[in-house]
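Student: Starting from these lines, generate the structure:
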Amino acid sequence: MTGPLRVAATLAVFAATLALVVWRPRGWSEAWWTVLGAVVMVALGLVTPSEVVAATLAGKSALLFLLSLLLLSLLIGKSGFFEWAAIACARLARGDARALYRNTFLLGAIVTAVLSLDTTAVILTPVVLALVRRIKVPAAPFIVLCAFVANVGSLLLPISNLTNLLFADTFHLAFATFAAHMLAPQVVALAITYALLRLHFRRELPARFEAAALPAAASVVPHRGYFVACVAVLALVLLGYFLAPLAGLEPYVVAFGGGGVLIVAGAITGRVRPRAAGELAWGVFPFVMGLFVCVRGLENLGLAAASAAWVTRLAAGSTGSLLVIAGATALASNVVNNLPAALIARPLLAQAHANPGAVLAALVGTDVGPMITPFGSLATMLVLTLARRDGQAPSAGRLIGLGAWTTPLIVAGTTLALAFLGAAAVGSG
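Tutor: Numbering: from 1, shown residues only. Just a heads-up that it's a prediction; the model follows:
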């Protein structure tokens, strides 16, 4: 297949794949549709089998890290850590609903940064929903909080978001370097987001909540020894991420090591059994690998070469160019989802020999930007799915209306922080 027919077929398969991922006919997992799209790409000769292998191997480190994070999050969840943290945040608020909102936001930001946005979406969100139901406060502000903080809080570390892992691997960004230059943008992004959400929900958040309805935080910890082991391992793993490069180790080795310790500790204490392996979100791997193949089909159309001159001009790293890059990837994330947007942007930036500042600006768009449409990121989709099952999901119109005016402000503010406090240092580092 050559010429215009090849272009039309590739775009049609890619668009259909994304549409099926968003709509999920029959409630089937997103993974079915990306794998189907990949199979069709190969069957039509748009992607060769060798390119499938190459695309998968190119993301090997990111996929291994993702697996290690999912394992670590699952094992920590078995300790009651997330329930304990949520109740502790609520008790610290002492009946003040606005303090509870602030504490929950900070908890979400920490969980997202250290254990990834998927952990916030899949594990923390149900805990927060159960908490607000128990203390009888409106759920909508907290559902939106979970969706926003899962995305906005994912800038700080390579492990915080799969897009970060993919970019850090492709552009050889060391863990400590990445964290150092994303710290200021992350703080700015969180500060702007929190201020805007508090402004938006000022009338919905009550002044007080029923603090007496809260149990003691320790009551949700099923085994104190395993809980302590989880907290200690999490702290050591986080430290290990920064030290691993000094020993020539990939950070995922550290995460798997921590997971191995918790498997042993969990088996000894009876908190972890073999069937727990079935609780891992295995479907994320075929989902991601299917997307790799579909995006490879787009790359085969020569998009990188056609866009190289334009991207090269933007990749120079000026403040204006960083704003354009972040804005473009944010827009793409809301149209096609942030993971495909990141996979498309990656070869464009690589071919343009973009400096680290431009690379990080693209991540600002894909991490912080996909909050206008409900399908902008998988994390947002997961939060809304859980809220829908609980009968408390806000309407799509309300989410789009909120995202339409908050997201540009958050992306612009975060990118300016990157330009003035991060990108210059990255470029000179």
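
Student: List the buried residues of stretch 409-422.
Tutor: I410, V411, A412, G413, T414, T415, L416, A417, L418, A419, G422 (16 or more other Cβ atoms under 10 Å). In short, each C-beta sits where N, CA and C put it, glycine included.

Student: Need the three-state assignment for the closest residue to the first one other than its chain neighbours.
Tutor: Right, the one you point to is I410. Nearest residue to I410 in three dimensions, chain neighbours excluded: I192, at 5.1 Å (Cβ to Cβ, 6 or more residues apart in numbering). What DSSP: H, G, I helix; E, B strand; the rest coil gives for I192 is helix.

Student: picking that back up, relative to E204, which of the buried residues of stretch 409-422 is nearest.
Tutor: Using Cβ to Cβ, I410 is the member of the buried residues of stretch 409-422 that lies nearest E204, at 20.2 Å.

Student: what helix or strand does the closest one sit in?
Tutor: Following DSSP states H and E, one finds I410 within helix 396-417.

Student: So what's the model's average confidence on stretch 176-194?
Tutor: Throughout stretch 176-194, pLDDT has a mean value of 95.

Student: Contacts for it, please.
Tutor: 102, 105, 109, 113, 148-149, 152-153, 155-158, 164, 168, 242, 245, 356, 360, 364, 368, 406, 409-410, 413-418, 421-423, 425-426, 429 (Cβ atoms under 8 Å, 6 or more residues apart in numbering).

Student: Including distance to I143, could the buried residues of stretch 409-422 go into TSV?
Tutor: TSV is the format used below for the buried residues of stretch 409-422 (distance: Cβ to Cβ, whole Å):
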residue	distance to I143
I410	18
V411	22
A412	25
G413	24
T414	23
T415	27
L416	29
A417	27
L418	29
A419	32
G422	31
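
Student: Which residue in the residues you listed has the weakest pLDDT?
Tutor: Out of the buried residues of stretch 409-422, that is G422, at 58.

Student: Surely A88 and A217 touch.
Tutor: Yes - under the criterion of Cβ atoms under 8 Å, A88 makes contact with A217 at 4.5 Å.

Student: rewinding a little: quick one: contacts of the helix holding I410?
Tutor: 144, 147, 152, 155, 184-185, 187-189, 192-193, 196-197, 200, 319, 322-323, 326-327, 330, 334, 361, 364-365, 368-369, 371-374, 376, 384.

Student: Which ones among those residues lie within helices?
Tutor: Within those, residues falling in helices by DSSP state H are 144, 147, 152, 184-185, 187-189, 192-193, 196-197, 200, 319, 322-323, 326-327, 330, 334, 361, 364-365, 368, 384.

Student: and the residues you listed, which are buried?
Tutor: 144, 147, 152, 184-185, 187-189, 192-193, 196-197, 200, 319, 322-323, 326-327, 330, 334, 361, 364-365, 368, 384.

Student: Now do the same contact list for A379.
Tutor: L117, D118, T120, A121, A147, A150, N151, S154.

Student: Just the element for it, please.
Tutor: Using DSSP H and E, A379 falls in helix 378-389.

Student: May I see the buried residues of that helix?
Tutor: Going by 16+ other Cβ under 10 Å, helix 378-389 has these buried residues: L378, A379, T380, M381, L382, V383, L384, T385, L386, A387.

Student: Rank the helices and strands of the protein by mean pLDDT and give me the bottom one.
Tutor: For the chain, using mean pLDDT, DSSP states H and E, the weakest element among its helices and strands is helix 424-428, scoring a mean of 47.

Student: Quick check: closest non-adjacent residue to F201.
Tutor: Using Cβ to Cβ, 6+ apart, the nearest residue to F201 is P141, at 4.1 Å.

Student: I'd like the average pLDDT over the helix or strand containing that neighbour.
Tutor: P141 belongs to helix 140-152 when assigned by DSSP H and E. For helix 140-152, the mean pLDDT works out to 96.

Student: can you state the direction angle for that helix and helix 378-389?
Tutor: Between helix 140-152 and helix 378-389, the angle comes out at 160 degrees (axes from the mean of the first three to the mean of the last three Cα atoms, to 10 degrees).

Student: Give the next helix or strand downstream of helix 140-152.
Tutor: Next element after helix 140-152 (DSSP H and E): helix 162-170.

Student: can you give me the offset of that next one from its chain's centre?
Tutor: Offset of helix 162-170 from its chain centre (Cα atoms, centre = their mean, to the nearest Å): 11 Å.

Student: Kindly report the same for stretch 79-91.
Tutor: 22 Å.

Student: same thing with stretch 205-224?
Tutor: 28 Å.

Student: end-to-end on it?
Tutor: 34 Å (Cα to Cα, to the nearest Å).

Student: What mean pLDDT does it get?
Tutor: Mean predicted confidence for stretch 205-224 is 92.

Student: any idea of the pLDDT on A306?
Tutor: For A306, pLDDT reads 64.

Student: For the residue lying closest to I325 once chain neighbours are set aside, give its distance to V411.
Tutor: Once flanking residues are discounted, I325 sits nearest to A361: 4.4 Å by Cβ to Cβ, 6+ apart. For A361, the distance to V411 equals 10 Å [Cβ to Cβ, to the nearest Å].

Student: Kindly report the same for L74.
Tutor: 32 Å.

Student: got it, and P356?
Tutor: Distance of P356 to V411, given as Cβ to Cβ: 19 Å.

Student: for R388, same thing?
Tutor: 27 Å.

Student: again, but for R275
Tutor: R275 is 43 Å from V411, by Cβ to Cβ.

Student: try T104
Tutor: 23 Å.

Student: One more: R224?
Tutor: Counting by Cβ to Cβ, the gap from R224 to V411 is 43 Å.

Student: try A218
Tutor: According to Cβ to Cβ, A218 and V411 sit 41 Å apart.

Student: pLDDT weak spots in this protein?
Tutor: 1-2, 303-317, 422-429 (pLDDT under 70).

Student: Mind doing that once more with 80?
Tutor: Scanning the chain for pLDDT under 80 picks out 1-3, 27, 303-317, 421-429.

Student: if we can go back for a sec, give me the number of residues near the residue nearest to F201?
Tutor: For P141, the tally of surrounding residues (other Cβ atoms under 10 Å) stands at 20.

Student: mind saving the C-alpha coords of stretch 390-405 as PDB?
Tutor: This file holds the C-alpha atoms of stretch 390-405, laid out as PDB (Å, rounded to 0.1, in the frame of the first residue of the first chain):
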ATOM      1  CA  ASP A 390     -20.100   5.200  43.000                       C
ATOM      2  CA  GLY A 391     -23.000   7.200  41.400                       C
ATOM      3  CA  GLN A 392     -21.200  10.500  42.000                       C
ATOM      4  CA  ALA A 393     -19.500  11.400  38.800                       C
ATOM      5  CA  PRO A 394     -19.800  15.100  37.700                       C
ATOM      6  CA  SER A 395     -21.200  15.700  34.200                       C
ATOM      7  CA  ALA A 396     -18.800  15.900  31.200                       C
ATOM      8  CA  GLY A 397     -20.100  19.400  30.500                       C
ATOM      9  CA  ARG A 398     -19.100  20.600  33.900                       C
ATOM     10  CA  LEU A 399     -15.600  19.100  33.700                       C
ATOM     11  CA  ILE A 400     -15.000  20.600  30.200                       C
ATOM     12  CA  GLY A 401     -16.200  24.000  31.400                       C
ATOM     13  CA  LEU A 402     -13.900  23.900  34.400                       C
ATOM     14  CA  GLY A 403     -10.900  22.500  32.400                       C
ATOM     15  CA  ALA A 404     -11.400  25.100  29.600                       C
ATOM     16  CA  TRP A 405     -10.500  28.100  31.800                       C
END
